[in-house]
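A.B. asks: build me a structure from this.
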Amino acid sequence: MKEFLRRKNIVISAKRYGIDALGAMAQGLFCSLLIGTIIDTVGTQFGIEFLTRTVATLGSGEHSISYTVGGLASAMSGPAMAIAIGYALQAPPLVLFSLATVGFASNTLGGAGGPLAVLFVAILAAELGKAVSKETPIDILVTPLVTIGVGIALSAWWAPAIGAAADSVGQLIMWATELQPFLMGVVVSVVVGVALTLPISSAAICAALGLTGLAGGAAVAGCCAQMVGFAVMSFRENRWGGLVSQGIGTSMLQMGNIVRNPRIWIPATVTSAITGPIATCIFRLEMNGAPVSSGMGTCGFVGPIGVYTGWVNDVAAGTKAAITAVDWAGLVLICFVLPAVICWALGLVCRRIGWIREGDLKL
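C.D. replies: Residues are numbered from 1 along each chain as shown. Next up, the predicted model:
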């Protein structure tokens, strides 16, 4: 069995499934749902007619569904996530292409928790597809049939329950944040911020749990604290290139340095514990855009764009009167100013007491 798994490149490990697959899923989600949301927002705010008009309609009559350009991209989130997962698992072509159907089925049947259902179902379908790949003379029939058959069967069996469970956990976190904004602001901000810097996907976690509202705002705060914090704190070592690569790229670049000296993580983590409750208690910062934006921070400015998208959605729905100056001040302070100032100051203290040495933050 070990030889068979080795030959089929089936590696059963936490890294393969919890890091590689989860990270790839977030990229698939980014390249579909998130990009679609951004396209729709840009089209609406700048009045770009091509981006706001219907370009495709499925069905007819009252059951028809209309899509804009961004809507088409968002509708492909299930297939995009599943194919990305298959790519991370190094699936052969027939398995990889078959995962488009698996992703669509699991994401649709999983409802609000669709991304989590896609993660579990796509992994199993991909691995079983890899197991039978090129084992028969009629591989072009067997491999897609097994991959799609297993994927749809598991989607019908598991996806609704997985989706409901993920949605319940997300709702619980959001309810607890509304009930205890200070405590949960700290917890959510720190946990999601730490996940963003670790080699796992905070974006995929937030998407799987459907984390929006105040909890989403706390998540954005935590992610921005890590990214902007590390970018500013390490400026003396990494200069402008490091500022850009970490500030609008990812703080994950510091993981090697964190392993060598874990104390360099203290300023950014403490900063997230400070900005999280400021976001929830003072500015009541809510992230009501796509849930994946909650775990992106300043990566491509997706977190702030998600907050803004949520404002636009709330205004359109009538649940928010208008976007105010206080809203903008809170967004700028939480996402950029406070992380830069607080983490820089805490980093300076850590340098002076010897916890952070010269070169510890060098990329």
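
A.B. asks: okay, now Phe97: neighbour count?
C.D. replies: 16 (other C-beta atoms under 10 Å). Placement of C-beta: from N, CA and C, glycine included.

A.B. asks: do a quick rundown of the strands in the protein.
C.D. replies: Under the criterion DSSP state E, strands of the chain are mapped to 56-58, 65-67.

A.B. asks: residues making contact with the first one?
C.D. replies: Right, the one you point to is strand 56-58. With contact meaning C-beta atoms under 8 Å, 6 or more residues apart in numbering, strand 56-58 is reached by 64-67, 72.

A.B. asks: would you list the buried entries among those?
C.D. replies: Buried by 16 or more other C-beta atoms under 10 Å: Tyr67, out of the contacts of strand 56-58.

A.B. asks: scan the chain for its longest helix.
C.D. replies: Ranked by number of residues, the top helix in the chain under DSSP state H is helix 139-179.

A.B. asks: now for it, which elements pack on it?
C.D. replies: Helices and strands touching helix 139-179, by 3 or more C-beta pairs under 8 Å, 6 or more residues apart in numbering; DSSP states H and E, are helix 93-109, helix 114-132, helix 181-197, helix 202-209, helix 213-233.

A.B. asks: to Arg352, which of those helices lies closest?
C.D. replies: Closest to Arg352 of the helices and strands packed on helix 139-179, according to C-beta to C-beta: helix 213-233, at 13.3 Å.

A.B. asks: tilt between the closest one and helix 202-209?
C.D. replies: Counting by axes from the mean of the first three to the mean of the last three C-alpha atoms, to 10 degrees, helix 213-233 lies at 180 degrees to helix 202-209.

A.B. asks: okay, the angle between helix 213-233 and helix 181-197?
C.D. replies: Here helix 213-233 points in a direction 50 degrees away from that of helix 181-197 (the same axes, to 10 degrees).

A.B. asks: shift numbering so it begins at 49
C.D. replies: Sure, I'll start counting at 49 from here, so that last one is helix 261-281.

A.B. asks: what distance separates helix 261-281 from the middle of the whole chain?
C.D. replies: Between the centre of helix 261-281 and the centre of its chain there are 13 Å (C-alpha atoms, centre = their mean, to the nearest Å).

A.B. asks: show me the two of the contacts of strand 104-106 that sit farthest apart.
C.D. replies: Maximum distance among the contacts of strand 104-106 (C-beta to C-beta): 14.7 Å, for Ser112 and Leu120.

A.B. asks: Val340 versus the residue nearest the centre of the chain, what's the distance?
C.D. replies: Here the mean C-alpha position of the chain is nearest to the C-alpha of Ala251 (C-alpha atoms, centre = their mean), at a distance of 1.4 Å. Plainly put, Ala251 is 5 Å away from Val340 if you go by C-beta to C-beta, to the nearest Å.

A.B. asks: what do those two both touch?
C.D. replies: By C-beta under 8 Å, 6+ apart, Ala251 and Val340 have these common neighbours: 74, 77-78.

A.B. asks: top of those residues by neighbour count?
C.D. replies: Neighbour counts for these, by other C-beta under 10 Å, peak at Leu77, which reaches 30 neighbours.
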